[in-house]
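1. For reference, the sequence and a predicted model appear below.
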Amino acid sequence: MSKRVLLTVLAAAFLLGSAGTFAAEAVDESNARVVNVSIHDPSRTSRRIVLALSKATVVQLDADARDVLVSNPEIVDAVVRTPRRIFLLAMKTGQTNAFFFDAAGKQILSLDIRVEKDTGDLGSMIHANIPGSNVKVSGLNDNVVLTGSVNSVSDSTRAQDLAARFAGDPTKVVNMLSIQGGEQVMLKVRIAEMDRNIAKQFGVNLQEAAIVGGVPIIASTSNQFGLIGHALSDASGGQFGAVCASAFLPQQTIEKIIGTGAFANQTGTLNTTTTPCSSPNNVQGVLQALDQIGLVHILAEPNLTAVSGETARFLAGGEFPVPSGRDNQGNVAVQFKDFGVGLSFTPVVLAPGRISLQISTEVSELSNTGAFTLNATSTTDPLTGVTTTTPGLTIPALSVRRAQTTVELPSGGSFAIAGLMQHTTKQVLEQFPGIGNMPVLGALFRSRDFQNNETELVVLVSAYLVSPTTEAKLESPTDGYQIPTDPETILFGHLNAVYKHDASAPKPSGSGPVGYIVQ
């Protein structure tokens, strides 16, 4: 024992709680470098101490000790320098105990010892680098435990990083810090969109029939508006002339008639004579001139509140069925997809008045553009010969505007997280080769299809730290609403009674405070 190198005597001992029952009252030693024991005070003969790893403490007695027993010398080693001065060396983290006996074999001291890492330097570093924090650092076996409170999540992360460096392993850090700042965030999102569509069509379709030198000649042009594939409306346009196809048909047709009933055995013919056109040479033209303008205005303002670190979701819209499979009997299995105005966000309060947001917002609507159509089918069972007809169906498509990002802003701050300006122009010109290039007359052999789409979309986000309030300070759209009387509805056509909101009117009280106050 005398050859052991005594380690520097530096205390890192403090109270961690009672873990056993002693014969006498247990006395805790905090930051003890020297343990003084008087055998004349029985309440001080049983103690609980914490030793810093690789450090030592001195036990001083007012009576001579002859024997010292340590239950686990690998954790704590005892060096007896004099009968009244004993050194305890912390060798390894863990728990043990030590007993001291005098020459008569009487126990004069009992120590319950726990060896932990010295976290005093770590605590001082955390307090120096994170002002305003109230962090308590303690050891538990080989782990570092952080308790107390900090002002923000970033402070908690910095304290955990320092503790991980100190412990040498991030998994040995137990972070039990709480955040003092506001932890509830209300997000206000404004989605504004303007969509303007212009479509123009102009076309002339001609049909001509004539007999030249006894030879019938028929010519026609039918331009089908190549951009859309059809006319916007069959009700717009004009027609001139008429083509008489009977000019090229025989003037007499023979139809055989078979009798029925009493005349079942009789047959005959019925001669019908067509009336020829007044002129064998004629022409017909159809003019289609169409102009369509559409304007779409969308404005949505979803508001949502969530605790820091938790995800909140909001949907104002609906669900539409989408076929996911079909069994042997033709039954279709469906699953539902969301559409409408959706909002999802995860706030993290970094510091008082500083918020990090992971945001996903979406505006979608059902559309025929891109829809999938499944035709009706018939299947025959080869065993029973039964034919099953499955009706067709059409699956609508979605027109979606979606934005997903992460931003950082102060409480009450606003950002435009997304914007879209889209201008699309399409034009198709169809014409009769050669003739369509002629000036003036060429317009009779051309069709024009024109589309112009202009879209502007902006997504604005505002975040606020909020705290609960009372129901009396909140208002709803139904406050003051009154159902009209029968005379008011019948005589004046009122759907609601004319009222003036009384702010002093009592409101129904709930079971506790609800809602939020914007800070």
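-> Perfect, I can see it now. From a predicted model like this one, the values you see are computed outputs, not experimental measurements. Numbering: from 1, shown residues only.

2. Let me know the secondary structure of Ala63.
-> Recorded secondary structure, Ala63: coil (DSSP: H, G, I helix; E, B strand; the rest coil).

3. Ramachandran angles for it?
-> phi -140, psi 160 (degrees, to the nearest 10).

4. got it, and the one 5 residues further on?
-> Taking degrees, to the nearest 10, you get phi -130, psi 120 for the backbone angles of Val68.

5. what is it paired to in the beta sheet?
-> In this structure, Val68 bridges to Phe100 when assessed by DSSP bridges.

6. Does it touch Arg85 like I think?
-> No. Counting by C-beta atoms under 8 Å, Val68 stays clear of Arg85, with 11.3 Å between them. In short, each C-beta sits where N, CA and C put it, glycine included.

7. out of these two, which sits in the busier spot?
-> When Val68 and Arg85 are compared on other C-beta atoms under 10 Å, the one with more neighbours turns out to be Val68, at 17 against 14.

8. What residues does the more buried one make contact with?
-> Contacts for Val68 (C-beta atoms under 8 Å, 6 or more residues apart in numbering) come out as 78, 80, 86, 98-101.

9. Please identify the helix or strand for Ala163.
-> helix 153-167 (DSSP states H and E).

10. what pairs with the helix or strand following that helix, and is each one parallel or antiparallel?
-> Reading on from helix 153-167 to the C-terminus, the next helix or strand found by DSSP H and E is strand 173-175. If you go by DSSP bridges, strand 173-175 pairs up with strand 143-150 (parallel).

11. Low-confidence ranges, the stretch 51-200 of the chain, go.
-> 181-182 (pLDDT under 70).

12. for it, what spans make up the helices?
-> Listed in chain order, the helices of the stretch 51-200 of the chain (DSSP state H, counting those that start in this stretch) span residues 120-129, 153-167.

13. just to revisit the earlier point, next, format the contacts of Val68 as JSON lines and append distance to Thr405 and neighbour count.
-> Below are the contacts of Val68 laid out as JSON lines (distance: C-beta to C-beta, whole Å; neighbours: other C-beta atoms under 10 Å):
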{"residue": "Ala78", "distance to Thr405": "63", "neighbour count": "17"}
{"residue": "Val80", "distance to Thr405": "69", "neighbour count": "17"}
{"residue": "Ile86", "distance to Thr405": "66", "neighbour count": "21"}
{"residue": "Ala98", "distance to Thr405": "62", "neighbour count": "21"}
{"residue": "Phe99", "distance to Thr405": "66", "neighbour count": "15"}
{"residue": "Phe100", "distance to Thr405": "68", "neighbour count": "24"}
{"residue": "Phe101", "distance to Thr405": "72", "neighbour count": "15"}
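
14. Asn72: which of these is nearest?
-> Distance to Asn72, by C-beta to C-beta, is smallest for Ala98 among those, at 9.6 Å.

15. Enumerate every residue touching that closest one.
-> Contact analysis of Ala98 by C-beta under 8 Å, 6+ apart lists 68-71, 76, 78, 88, 109-111, 113.

16. picking that back up, and the helices of the stretch 51-200 of the chain: which comes nearest Gln404?
-> helix 153-167 (21.8 Å).

17. How about residues contacting the closest one?
-> By C-beta under 8 Å, 6+ apart, helix 153-167 touches 117, 119, 121-122, 125-126, 129-130, 133, 135, 137, 142-144, 146, 150, 170, 172-173, 175, 177, 179, 308-309, 348-351.

18. Now stretch 355-364: average pLDDT?
-> Stretch 355-364 shows a mean pLDDT of 88.

19. C-alpha coordinates for that stretch, CSV please?
-> The C-alpha trace of stretch 355-364 is given here as CSV (Å, rounded to 0.1, in the frame of the first residue of the first chain):
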residue,chain,number,x,y,z
ILE,A,355,-38.8,29.7,-34.5
SER,A,356,-37.7,27.1,-37.1
LEU,A,357,-40.5,25.7,-39.3
GLN,A,358,-40.8,22.6,-41.5
ILE,A,359,-43.8,23.4,-43.7
SER,A,360,-45.7,21.5,-46.3
THR,A,361,-48.7,23.2,-47.8
GLU,A,362,-50.9,22.1,-50.7
VAL,A,363,-53.9,23.2,-52.8
SER,A,364,-55.5,20.6,-55.0
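
20. Buried residues of it, list them for me.
-> 355-357, 359, 361-364 (16 or more other C-beta atoms under 10 Å).

21. now do stretch 81-89
-> 86-89.

22. cool, stretch 129-139 as well?
-> So for stretch 129-139, counting by 16+ other C-beta under 10 Å, buried means 130, 133, 135, 137-139.

23. Quick check: which of the helices of the stretch 51-200 of the chain is buried the most?
-> helix 153-167 (a mean of 19; mean count of other C-beta atoms under 10 Å).

24. what about the strands in the stretch 401-519 of the chain?
-> Remark: strands assigned in the stretch 401-519 of the chain by DSSP state E, counting those that start in this stretch are 414-431, 446-469, 514-518.

25. ignore the last one, the stretch 1-150 of the chain
-> With DSSP E, counting those that start in this stretch as the criterion, the stretch 1-150 of the chain has strands spanning 27-28, 34-37, 46-52, 56-61, 67-70, 76-82, 85-90, 94-101, 107-116, 134-140, 143-150.

26. Which stretch among those strands approaches Glu208 most closely?
-> Closest among those, using C-beta to C-beta: strand 143-150, at 89.6 Å.

27. what's the offset of that closest one from the middle of its chain?
-> How far strand 143-150 lies from its chain's middle: 32 Å, per C-alpha atoms, centre = their mean, to the nearest Å.

28. and the angle from that strand to strand 107-116?
-> 70 degrees (axes from the mean of the first three to the mean of the last three C-alpha atoms, to 10 degrees).

29. which residues touch strand 143-150?
-> So strand 143-150 is contacted by 117, 119, 122, 130, 132-139, 156, 159-160, 163, 166-167, 172-180 (C-beta under 8 Å, 6+ apart).

30. And that strand, what's buried?
-> 143-146, 148-150.

31. could I get those residues as a markdown table with distance to Thr221?
-> Below are the buried residues of strand 143-150 laid out as a markdown table (distance: C-beta to C-beta, whole Å):
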| residue | distance to Thr221 |
| --- | --- |
| Asn143 | 88 |
| Val144 | 88 |
| Val145 | 88 |
| Leu146 | 85 |
| Gly148 | 87 |
| Ser149 | 84 |
| Val150 | 81 |
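
32. any idea which of these is the one closest to His494?
-> Nearest member of the buried residues of strand 143-150 to His494, counting by C-beta to C-beta, is Ser149, at 57.3 Å.
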